[in-house]
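K.L.:
Predicted model, plus sequence, below.
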Amino acid sequence: MNDTLGQIVYQPTNALEALWFNFVDYFGEDFLISYGTFFAHEIFYFLAFLPFFLCDFVHALRKYKIQPTKVNDWKTQFNCLLKVMGTHIFVQLPMMIVFHPAIHSIGLRARVPLPSGWYLLFVLAVSFVLEDAYFYFVHRFLHQGFWYKYIHKVHHDHASPFGMAAEYAHPIETLILGVGTCLGPFLLSRDLFTLWAWLAVRLFQTVECHSGYDFPWNPTKLIPFWGGAHFHDFHHETFVGNYSSTFTYFDRLFGTSDKYYARMEMRKKEEELLANKKAK
Ligand SMILES: [Zn+2]
Ligand SMILES: [Zn+2]
């Protein structure tokens with residue numbers, strides 16, 4: 001815990017802060033920064049996947065599948081689970097332990113008081129923008145020759161993705177793209193609570209992007225330039241374009257989503273023609 005603890009008696013100002021204070025006091029800051037972040041990541045990742053996994057058993061939701069003819073069988077999902085867990089345990093966890101002294105030395109702490117709601121929202125929003133910018137250029141680079149053939153191709157094993165496939169990737173890709181995930185919280189706050197809040201929303205976003213479902217009531221559709229599952233699914237289906245992780249503006253700016261929008265336009269015209277035929 002930061003220097004507020006241990007030197008003066010700290011009085012939490014609300015129930016959440018009291019809970020966090022006792023939680024950090026019980027487990028210890030060092031344990032929470034390394035192992036705690038690993039467990040938090042596992043909980044957020046699989047909790048985010050669970051609703052989409054259950055959707056596969058609800059027939060009424062089939063119409064929201066982006067690629068309705070593609071079925072991800074048990075074997076595919078189990079194989080994905082093994083590889084994802086392998087990367088988490090043998091790459092992410094050792095990374096968190098090895099880099100713990102460095103992370104500590106640049107100032108990451110389990111601080112109290114907790115950040116205000118508005119500041120947290122600001123950090124999360126900026127983190128999304130920074131991660132998306134980093135992801136766009138690095139991801140586009142990973143589609144070049146050697147990098148695609150030996151590294152990024154693994155992530156493209158699933159042409160019809162499902163939530164758990166979000167972090168199905170070569171360990172080197174996990175390391176490279178992990179830098180973008182750390183940019184926002186490390187540049188802006190270096191606070192463990194903020195880092196975990198960011199992990200929760202970023203993991204939900206990437207799992208949703210790979211879910212294979214496009215629900216019209218999804219509230220993220222209200223966020224300007226938000227890509228979402230439909231946008232990223234196109235990247236998996238066609239292997240090109242739509243390189244951003246979250247927003248659409250970089251792909252728009254550099255013309256890498258032209259094929260996607262052309263297809264959307266074509267489908268719209270086909271649907272209009274069909275509707276006109278039915279009306280006659
Ligand atoms: Zn790709
Ligand atoms: Zn993907």
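P.N.:
Received the coordinates, thanks. Bear in mind that the values here come from a model prediction, so they are computed numbers and not experimental data. Ligands and ions are numbered 1, 2, ... in the order given.
K.L.:
Identify the residue nearest the geometric centre of the protein.
P.N.:
Centroid-nearest residue in the chain: Thr206, 3.0 Å away (criterion: CA atoms, centre = their mean).
K.L.:
Look at that one and tell me its secondary structure.
P.N.:
Three-state call for Thr206 (DSSP: H, G, I helix; E, B strand; the rest coil): helix.
K.L.:
hang on, isn't it packed against Glu167?
P.N.:
Yes. Contact status for Thr206 versus Glu167: in contact at 7.4 Å, counting by CB atoms under 8 Å. For glycine as for every other residue, the C-beta is placed from the backbone atoms N, C-alpha and C.
K.L.:
quick one on the thing from earlier: give the contact list for the nearest residue to the residue nearest to the centre of the chain once chain neighbours are set aside.
P.N.:
Excluding the flanking residues, the one nearest Thr206 by CB to CB, 6 or more residues apart in numbering is Ala166, at 4.4 Å. Shown in contact with Ala166 (CB atoms under 8 Å, 6 or more residues apart in numbering): Tyr45, Phe49, Leu203, Thr206, Val207, Cys209, His210.
K.L.:
that older thread, could you pull up the contacting residues of the residue nearest to the centre of the chain?
P.N.:
By CB under 8 Å, 6+ apart, the residues touching Thr206 are Ala166, Glu167, Ser245.
K.L.:
Can you tell me which of the residues you listed comes closest to Gly184?
P.N.:
The closest of those to Gly184 turns out to be Ser245 (CB to CB; 12.7 Å).
K.L.:
The closest one: what's it in contact with?
P.N.:
For Ser245, the contact set (CB under 8 Å, 6+ apart) comprises Glu131, Asp132, Phe135, Tyr136, His139, Gly180, Gln205, Thr206, Cys209, Gly227, His232.
K.L.:
Let me have those in a markdown table, extended by pLDDT and secondary structure.
P.N.:
What follows is the contacts of Ser245, written out as a markdown table (pLDDT from 0 to 100; DSSP: H, G, I helix; E, B strand; the rest coil):
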| residue | pLDDT | secondary structure |
| --- | --- | --- |
| Glu131 | 98 | helix |
| Asp132 | 98 | helix |
| Phe135 | 98 | helix |
| Tyr136 | 98 | helix |
| His139 | 98 | helix |
| Gly180 | 96 | helix |
| Gln205 | 97 | helix |
| Thr206 | 98 | helix |
| Cys209 | 97 | helix |
| Gly227 | 96 | coil |
| His232 | 97 | helix |
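K.L.:
Quick check: of the residues you listed, which has the highest neighbour count?
P.N.:
Using other CB atoms under 10 Å as the neighbour criterion, Gly227 leads these with 26 neighbours.
K.L.:
distance of the residue lying closest to that residue once chain neighbours are set aside from Leu121?
P.N.:
Excluding the flanking residues, the one nearest Gly227 by CB to CB, 6+ apart is Thr248, at 5.0 Å. Here Thr248 is placed at a distance of 21 Å from Leu121 (CB to CB, to the nearest Å).
K.L.:
Please apply the same query to Arg190.
P.N.:
Taking CB to CB, one finds Arg190 at 18 Å from Leu121.
K.L.:
Looking at the two, which is more packed in?
P.N.:
Neighbour comparison, Arg190 and Leu121: the larger count goes to Arg190, with 15 against 12 (by other CB under 10 Å).
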